[in-house]
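> next input, structure requested:
(one chain, ligands or ions: 3)
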Amino acid sequence: MDRPASVEELAALRDEVAQFRLLANNLPAAIAYYDRQGYTCRYANLGYARMFGHTEASILGLGFARIIGEEAAREVLPRIDAVVSDRRRSSYERQLPGPDGRPRWIEVDVLPHLDAAGEVVGAFVLVHDITRHRQAEAALRQSEERLAKFMLASAEGIAFHKDGEITDVNPPLLALTGYALPELLGRQALDFVDPAERERVAAVMASGAEIGYETALTHKSGHRLPVEFIVRTLHYRDERLRMTIVRDLRDRIQARSRIDYLAHHDALTGLPNRSAFIERAQALLAAAQAQGHRPAMLFIDLDNFKRVNDSLGHLAGDTLLRTAARRITGALRSGDLVARFGGDEFVVLLSGDSRGGGVAEVAGKLLAAIGEPLRAGGATISVTPSIGVALFPEHGTDSDELIKHADTAMYQAKSRGRANCCIFEPAMAAAAMADLAMEGRLAQAVREREFVLHYQPQFALADGRLLGAEALIRWAPPGRPQVLPEDFIPLAEARRLMLPIGQWVLAEALCAARRWHDEGRPLPVAVNLSSLEFGAPDFVEQVQAALAAAGLPGRLLELELTERMLMDDLPAVRRTLLRLKALGVGIAVDDFGTGYTSLRHLMELPIDRLKLDRSFVQGLPGDAGAAAIVRAVIQMAQGLGMRTLAEGVETAAQQDWLRAQGCDEMQGEMAAPPMGEEALQAWLRARGA
Ligand code: C2E
Ligand code: MG
Ligand code: MG
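Ligands and ions are numbered 1, 2, ... in the order given. Below you'll find the predicted structure:
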């Protein structure tokens, strides 16, 4: 300076300095100036000074190593030296502990200050806080890493595409589609969509919608691959990317079709179930209506299936049902419908025309096929079906009505002796109605005790001695004619009313025997059993209690079983009979010869007497066949130590013949009919017994 500054000049200069400081201290940057000698600070704005824990004044004159710290100085010194030697600007980034202790990132620009001669005399330092920028970068990097990790870790396929061009996919997607990464990258995503689905997928892509939907891809090997797409749009580094999660739907579709299958099929036989059958039957009937066809509905019920289940076990029952299902299907044509309705019931809808004997032919085939012997539960068994038929449209115009009427016809077939086929007749519906009404009356009869017992005496054939009496039930509804057992017992058994009735019969018969006993005529009473009663788990206890209630010894009671009851589970029947015998109770087999008792059963069971069925006695002595059978039975019984009683002996010729053959006992109208209690008393008195 040539001359000292004037006051004005000084004032102007102060103003200028103040302005410069105002500017420098309000910049969003830290600024400093260092001279070359010893790198001492000659200027620092407020930001720079504070960054290193100083004031604008306290920082001046300090060496740069003292300001930024020895360690940092060692790190950056080579750069400063380079600025000086190369006379070029240098930038670097470094970390700096912030005032709150948290590290901050700064970007440092060092610019050389050159004099007129081009020599470096100092350095301008400009510092920006780039912590926020660094954090954003780190966050981006982390999210990229996370995404990459997620893509790798996800079990589901993930694909990224930009404007339809695949930019990235993860390994599961490669595994799912069968492609290798290079085969997909850069290709159009739509190329890999199942051709039938392309239009729809393209529409979703174009709309940019964020949705999930089911579609399909084409596997590298060419097959269709059902998948679910879940599509999202991502904004990534200023780009709009579409991310598609690709889920394999094969398992889900399989599970769905399995559930669907289970809902429509019977698990045991694999046949359609009732609801599936009815659905299809309706369609088939509608078609038949249009074509003027007359399809037929068949209701098939296996005869005595329960016995197989009870005696051979449920596994054998299952085998039988599966076999029956196979045989039914095998006997039908492909257009026919078949279903299992539960239990041992099958229903068939024959699609063809029922005119011209077609139904009878199929029913015959079914009867033969199902009845074939088979192995189940370690035994060879043969179970016949009973079949009921209802024709469309005369027996019903919808499947419900046809099934109901075929069911009614099936019951008719059963009552005709099983292994039979019956076609529905309107009268059967009336009979079913009558049964229903009778059931109601019978239930009332049980409540009101509208029953009486008659007694039919039994004699020794050799000398005509009175041996006992069989109790025979009659239903005597007030104001109506008496009903014989065969007219109500089958229904009572079917509706389980036979249990209370049987209990009443036993108690009543024992009371009568007690009275005879008290009057000095200890006559045993024979009581008929229904299979329902004999099958009750506490049957023996019931008998024991009834004997105790009547105060009667067991030897004054005989129980009549039918052959059917003996055919069940042999060891169980044997145990029950032995317990009854232990009470002193006698055991007789009723209607012998009409059933299928195996000789083995006869041999192993403790039976006291065989009651030869009336149907054999009827033809005697003229009917050679009956005579041969009766003779054989008598001989067999003698061999087994059992007595024989001939039922329904009506003539002296029968009586004489039987006596001559060695038959032990008889019962029949000729000697004495069944009588009411009073009539019996009179009869006994008249006989002078
Ligand atoms: P069942 O045990 O074989 O009884 C003999 C049947 O033959 C009786 O018929 C009897 O009246 C009849 N009868 C007896 N002598 C003659 C004869 O000389 N000629 C003819 N034609 N018939 C004769 P009912 O009383 O009608 O009984 C029929 C069946 O009903 C019985 O056959 C028996 O199986 C059953 N029943 C009767 N009472 C009961 C009972 O209390 N409980 C059970 N569960 N069943 C019974
Ligand atoms: Mg009897
Ligand atoms: Mg009998």
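
> need the three-state assignment for A588.
Of the three states, A588 takes strand under DSSP: H, G, I helix; E, B strand; the rest coil.

> same check on P571?
Following three-state DSSP, P571 is assigned to helix.

> so how many other residues sit close to it?
9 (other CB atoms under 10 Å). Quick note: C-beta positions are derived from backbone N, CA and C, even for glycine.

> again with Q37
When neighbours are counted by other CB under 10 Å, Q37 registers 8.

> and it, how far from ligand 2?
From Q37 across to ligand 2, the span is 140 Å (CB to the ion, to the nearest Å).

> then A369?
Applying CB to the ion, the value for A369 to ligand 2 is 37 Å.

> which non-adjacent residue is nearest that residue?
R327 (4.3 Å; CB to CB, 6 or more residues apart in numbering).

> tally of neighbours for that neighbour?
19.

> just the buried residues of whichever helix or strand L111 is part of, please?
Assigned by DSSP states H and E, L111 belongs to strand 103-114. For strand 103-114, the neighbour count (16 or more other CB atoms under 10 Å) marks 104-108, 110-113 as buried.

> in contact with the residue nearest to A369: list those residues for me.
R327 is in contact with 366, 369-370, 372, counting by CB atoms under 8 Å, 6 or more residues apart in numbering.

> what about it, which helix or strand?
Per DSSP H and E: R327 is located in helix 314-331.

> quick check: next helix or strand after that helix?
Later in the chain than helix 314-331, the nearest helix or strand by DSSP H and E is strand 337-342.

> quick one, the next helix-or-strand element following that following strand and strand 337-342 angle?
Beyond strand 337-342 on the C-terminal side, the first helix or strand identified by DSSP H and E is strand 345-350. In terms of direction (axes from the mean of the first three to the mean of the last three CA atoms, to 10 degrees), strand 345-350 departs from strand 337-342 by 160 degrees.

> do a quick rundown of the strands in the stretch 151-300 of the chain.
157-162, 165-169, 212-218, 224-236, 239-248, 296-302 (DSSP state E, counting those that start in this stretch).

> closest one to L320 among the ones you listed?
strand 296-302 (7.3 Å; CB to CB).

> what's the closest one packed up against?
The contact analysis (3 or more CB pairs under 8 Å, 6 or more residues apart in numbering; DSSP states H and E) places strand 296-302 against helix 314-331, strand 345-350, helix 358-371, strand 385-391, helix 399-415.

> send me the helix or strand that it is followed by as CSV with only the CA atoms.
Using DSSP H and E, the helix or strand that directly follows strand 296-302 along the chain is helix 305-312. Taking Å, rounded to 0.1, in the frame of the first residue of the first chain, the C-alpha atoms of helix 305-312 are listed here in CSV:
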residue,chain,number,x,y,z
PHE,A,305,-74.0,-107.7,4.8
LYS,A,306,-74.2,-106.9,8.5
ARG,A,307,-73.5,-110.6,9.3
VAL,A,308,-70.3,-110.5,7.4
ASN,A,309,-69.3,-107.3,9.2
ASP,A,310,-70.2,-108.7,12.6
SER,A,311,-68.8,-112.2,12.2
LEU,A,312,-65.7,-111.6,10.0
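
> chain center to helix 305-312: distance?
In terms of CA atoms, centre = their mean, to the nearest Å, the centre of helix 305-312 is found 24 Å from the chain centre.

> quick check: Q282 vs A672, distance?
In this view, Q282 and A672 are 61 Å apart by CB to CB, to the nearest Å.

> so for these two, which sits in the more crowded spot?
More crowded of Q282 and A672, by other CB under 10 Å: A672, with 20 against 13.

> show me what contacts the more buried one?
456-457, 459, 683.

> next up, the contacts around the closest residue to T323 other than its chain neighbours.
In space, T323 comes closest to L374 once its chain neighbours are excluded; the distance is 5.2 Å by CB to CB, 6+ apart. Contact analysis of L374 by CB under 8 Å, 6+ apart lists 319-320, 323, 380-382.

> is P500 in a helix, a strand, or coil?
Classified using three-state DSSP, P500 is helix.

> what ranges does the stretch 551-689 of the chain have for its strands?
Using DSSP E, counting those that start in this stretch, strands in the stretch 551-689 of the chain cover 557-562, 586-592, 609-612, 643-646, 665-666.

> figure out which of those is closest to G625.
With CB to CB as the criterion, G625 lies closest to strand 609-612 of the strands of the stretch 551-689 of the chain, at 14.0 Å.
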